[in-house]
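Undergrad: below is the sequence, then the predicted model.
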Amino acid sequence: MNIVEPIRDVEKIEEIHSYLLERNKRNALLFSMGIYTGLRISDILKFRVADCYKRNYNIREQKTKKPKILEWNPYLYKEMEEYIQGKNPNEFLFKSRQGYNTPISRIRAYQIIKNACNACKVFDVGTHTMRKTFGYHHYKRYKDVAILMDILNHSSPDITLRYIGISNENSNKSLKGMKFF
């Protein structure tokens, strides 16, 4: 199992999004949805066009089976509105080119994210990178681990901080600060 990291540099996030947007709007939206919602890829791939008509979303997380009702981020909502123009409401948002109205696979989502990130010189990535990126930047902005823990459906603050790479970041800072001679 590979360890994936959040994308800590906001300029790199913008670069990856631009890279994807130039090539495929669906893939750019996939990336945006991951970094703006903090949802797992298994939940993102279940969305249909009709789910984007409302200002909020209501899902039952596949992994935890917990319900979640949250508002769409306004920047994400604007991107979704543009993307769904003229699409069938029953169509999967991240429709595969393989078969009739099926979403792309988790493997395909991984390939899309990994290829775009690697092209922009960002490595150690996977589908959880988007979720971790959301968590990392949410924590850096609001410093409220309790809210983030709730959004990510984690059971403890320690798990949340370790998941988003803050624990490791703090450990590395403290190691660099050590000096004996």
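TA: On my side now, so go ahead. Residues are numbered from 1 along each chain as shown.

Undergrad: what residues does Cys117 make contact with?
TA: Residues near Cys117 by C-beta atoms under 8 Å, 6 or more residues apart in numbering: 7, 16, 123, 125, 129. To be clear about C-beta, it is placed using only N, CA and C from the backbone, and glycine gets the same treatment.

Undergrad: dump those residues into JSON lines; add pLDDT and secondary structure as well.
TA: JSON lines is the format used below for the contacts of Cys117 (pLDDT from 0 to 100; DSSP: H, G, I helix; E, B strand; the rest coil):
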{"residue": "Ile7", "pLDDT": "97", "secondary structure": "coil"}
{"residue": "Ile16", "pLDDT": "98", "secondary structure": "helix"}
{"residue": "Phe123", "pLDDT": "95", "secondary structure": "coil"}
{"residue": "Val125", "pLDDT": "96", "secondary structure": "coil"}
{"residue": "Thr129", "pLDDT": "97", "secondary structure": "helix"}
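
Undergrad: buried subset of those residues?
TA: Neighbour-count burial (16 or more other C-beta atoms under 10 Å) applied to those gives 7, 16, 125, 129.

Undergrad: any idea how far the closest residue to the third one other than its chain neighbours lies from Thr129?
TA: Same thing as Val125. Distance criterion C-beta to C-beta, 6 or more residues apart in numbering; nearest residue to Val125, sequence neighbours excluded, is Cys117 at 4.3 Å. Going from Cys117 to Thr129 by C-beta to C-beta, to the nearest Å gives 7 Å.

Undergrad: so what sits against both of the two?
TA: Ile7.

Undergrad: any regions of this protein where pLDDT drops low?
TA: Within the chain, the ranges that satisfy pLDDT under 70 run 1, 170-172, 174-175, 178.
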